[in-house]
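>>> would you be able to build a 3D model of this:
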Amino acid sequence: MMTSARKLVFLLSFVILSCNSSSKNNIDDIVSILGRTMGTTYSVKYTTGIKSNDDIKENKKKIDEILRNVNMQMSTYIAESEISQFNRMTSTEWMSISEDFAFVVQSSFKYYNISGGLYDITVMPLVNLWGFGPDKFIDIPTTTNIDSVLAFVGQDLIEIEGNKIRKKDPRVQIDLSSIAKGFAVDKIIESLNFDNIFVEIGGEVRSRSDEKIWKVGINTPSIDNISNEIEYIAPIQNGSIATSGNYRNFYFDKDNRFYHHEINPLTGYPIMSKLASISIFTQTSCMEADGLATALYMMEKNNITNFLKDTDIEGLMIFVEPDMSFKQVVSQDFPAN
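Numbering: from 1, shown residues only. As a prediction, the model looks like this:
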């Protein structure tokens, strides 16, 4: 799996009204719907003139139904899901899939091309080989092990036409965890008809607002997984933020060597980078921010900065310094207080 780097963004507050707002909404008008999905939590917050328990229950039901559908399409942890059925296939025959599943797979090719193949939804067997999948880590894989798995890793080994998908090698397996949460965020926010709404799943966030500014906190990287210090606060009104990082999913081998979970699908080895995390802001979909955060994280620093300069995408990079402190590199129009 392109193990989705542990997402480090969480909601801080949502109480600032824009200066030109004529609304009388305040924090008491905010409805919060919370739950669990995809091995993490979700949070949906919106403003409404009148709070109705029946309406809230109906919206909760709608949200959970959306998330059930996405899981049944793209969760590798559900045996009956579309993606699990595809991964179990031992042929190169075409398989019919849902429109949403096809859309997400097709979209993944954009990030594959942007990253020069470093973002690759077929990297799952390599991730498992290195012990970052569901199988327990045993030992560092040998070059022979890695080469044997590399033979069936590569996004060019899958083909999609309309709502049909097939493998060019029956051993290929895919994982969409790097963009499925972002896609689910988009499905929820587009299904709820509120002018001021904020949706978050496992740190993937998107807001739509005519008047409110929602503040998002980005954690300071911490190898011990304990720190909850805020590195940066980003106010967003209409847009999405997703963060990828390498420091919350790693292990040390018996010789005390450090390995983290982002695997280079071109070499078969974990990438070596001083980039602790990257947060991407887009004014479009959360899936776009999610996919770009993972794709750009895999790239060299110069390639990342050049990409951000040449597009309307904004980024916040946090690098590890030699003294183990952190240094921020922020693009010009990344949201700031």
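
>>> so, low pLDDT: which residues of this protein?
For the chain, the stretches with pLDDT under 70 are 1-28, 133-138, 222-228, 246-261.

>>> okay, the longest helix along it in CSV with CA atoms only?
In the chain, taking DSSP state H as the definition, the longest helix is helix 53-74. Taking Å, rounded to 0.1, in the frame of the first residue of the first chain, the C-alpha atoms of helix 53-74 are listed here in CSV:
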residue,chain,number,x,y,z
ASN,A,53,-32.3,16.3,16.5
ASP,A,54,-34.2,14.5,13.7
ASP,A,55,-32.2,16.4,11.1
ILE,A,56,-28.9,15.7,12.9
LYS,A,57,-29.8,12.0,13.0
GLU,A,58,-30.7,12.0,9.3
ASN,A,59,-27.4,13.6,8.4
LYS,A,60,-25.4,11.2,10.6
LYS,A,61,-27.2,8.3,8.8
LYS,A,62,-26.3,9.9,5.4
ILE,A,63,-22.7,10.3,6.4
ASP,A,64,-22.3,6.8,7.6
GLU,A,65,-23.9,5.4,4.5
ILE,A,66,-21.5,7.3,2.3
LEU,A,67,-18.6,5.9,4.4
ARG,A,68,-19.9,2.4,4.2
ASN,A,69,-20.1,2.6,0.5
VAL,A,70,-16.5,3.9,0.2
ASN,A,71,-15.3,1.2,2.4
MET,A,72,-17.1,-1.5,0.4
GLN,A,73,-15.4,-0.1,-2.7
MET,A,74,-11.8,0.6,-1.5
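
>>> who's in contact with that helix?
By CB atoms under 8 Å, 6 or more residues apart in numbering, the surrounding residues in contact with helix 53-74 are 31, 33, 35, 37-38, 42, 44, 48, 78, 80-83, 97-98, 100-101, 104, 176-177, 180, 183-184, 187-188, 191-192. (Glycine included, C-beta is placed from N, CA and C.)

>>> who are the neighbours in contact with the spatially closest residue to residue 123 that is not a sequence neighbour?
Excluding its sequence neighbours, the residue lying closest to residue 123 (CB to CB, 6 or more residues apart in numbering) is residue 265, at 4.3 Å. Residues near residue 265 by CB under 8 Å, 6+ apart: 117-118, 120, 122-123, 126, 150, 153-154.

>>> and the contacts of helix 53-74, which are buried?
31, 33, 37-38, 42, 44, 48, 81-83, 97, 100-101, 104, 176-177, 180, 183-184, 187-188, 192 (16 or more other CB atoms under 10 Å).

>>> how about the helices in the stretch 101-250 of the chain?
Secondary structure of the stretch 101-250 of the chain (DSSP state H, counting those that start in this stretch): helices at 124-129, 143-150, 177-191.

>>> tell me what the longest one is packed against?
Under the contact criterion of 3 or more CB pairs under 8 Å, 6 or more residues apart in numbering; DSSP states H and E, the helices and strands touching helix 177-191 comprise helix 53-74, helix 99-114, strand 197-201, strand 204-208, strand 239-245, helix 286-297.

>>> swap the cut-off to 6 Å and go again
helix 53-74, strand 197-201, strand 204-208, helix 286-297 (3 or more CB pairs under 6 Å, 6 or more residues apart in numbering; DSSP states H and E).

>>> tell me how far stretch 173-190 is from the chain's mean position?
7 Å (CA atoms, centre = their mean, to the nearest Å).

>>> partners of residue 217 in the sheet?
residue 10, residue 233 (DSSP bridges).

>>> what's around it, how many residues?
A count of nearby residues for residue 217, using other CB atoms under 10 Å, gives 18.

>>> distance of it from residue 231?
The gap separating residue 217 from residue 231 is 8 Å, by CB to CB, to the nearest Å.

>>> kindly report the same for residue 268.
For residue 268, the distance to residue 231 equals 32 Å [CB to CB].

>>> before we move on, what about residue 96?
45 Å.

>>> then residue 237?
Relative to residue 231, and taking CB to CB, residue 237 is found at 21 Å.

>>> please apply the same query to residue 88.
From residue 88 to residue 231 the distance is 41 Å (CB to CB).

>>> sorry, back to before: buried subset of the contacts of residue 265?
So, by 16+ other CB under 10 Å, the buried ones in the contacts of residue 265 are 118, 120, 122-123, 126, 150, 153-154.

>>> and those residues, which two are the farthest apart?
118 and 150 (14.0 Å; CB to CB).

>>> quick check, residue 289 in contact with residue 283.
No. Using CB atoms under 6 Å, residue 289 is not in contact with residue 283; the gap is 9.7 Å.

>>> tell me which of the two has more neighbours.
Using other CB under 10 Å, the more surrounded residue of residue 289 and residue 283 is residue 289, with 31 against 14.

>>> to residue 332, which of the helices of the stretch 101-250 of the chain lies closest?
Among the helices of the stretch 101-250 of the chain, helix 177-191 sits nearest to residue 332 (CB to CB), with 23.7 Å.

>>> tell me the angle that closest one makes with strand 204-208.
Put simply, helix 177-191 runs at 20 degrees to strand 204-208, going by axes from the mean of the first three to the mean of the last three CA atoms, to 10 degrees.
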